[in-house]
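>>> Sequence first, then the predicted structure:
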Amino acid sequence: MEGLGDRVEALKTREHARLMTTWMGEALPDVAEVMIRRRDVIMANCLRERCGDGQVVAVVGMAHVDGIEREWGKATSGGRGRVLGA
């Protein structure tokens, strides 16, 4: 029998994170802007400034992976940067 912990763990996927951030963007756009989008930009910029163009390993919340990947791609020449998510 599947317990609550198992159900919670099953929700910890990149797809579920996308669904939650999409919902937040629609239901609470101002909150999503501050808590997700602006933080994505800040984290991507900090990683770029502190780590340069080499390989970078960072541990971030799953809800930020898509946004950091998007921002990282903007910052790399020709958008060649790639983030490997969970």
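Looks like it arrived, so ask away. Remember, it's a predicted structure, so these values are computed and weren't measured experimentally.
>>> Low-confidence regions, the chain specifically.
1, 53, 76-86 (pLDDT under 70).
>>> What segments of it are helices?
4-11, 14-27, 29-32, 38-51, 62-75 (DSSP state H).
>>> count of neighbours near the nearest residue to A75 once chain neighbours are set aside?
Nearest residue to A75, sequence neighbours excluded (Cβ to Cβ, 6 or more residues apart in numbering): R48, at 5.2 Å. Every residue, glycine included, has its C-beta placed from N, CA and C. Applying other Cβ atoms under 10 Å, we find 16 residues neighbouring R48.
>>> okay but R48 is in contact with I68, surely?
No. In this structure R48 lies outside contact range of I68 using Cβ atoms under 8 Å: 10.1 Å.
>>> Just say which of the helices of the chain is most tucked in.
Comparing the helices of the chain by mean neighbour count (mean count of other Cβ atoms under 10 Å), helix 62-75 ranks first with a mean of 18.
>>> and that one, how far out from the chain's middle?
Helix 62-75 sits 6 Å away from the centroid of its parent chain (Cα atoms, centre = their mean, to the nearest Å).
>>> Mind giving me the packing neighbours of that helix?
Helices and strands touching helix 62-75, as assessed by 3 or more Cβ pairs under 8 Å, 6 or more residues apart in numbering; DSSP states H and E, comprise helix 14-27, helix 38-51.
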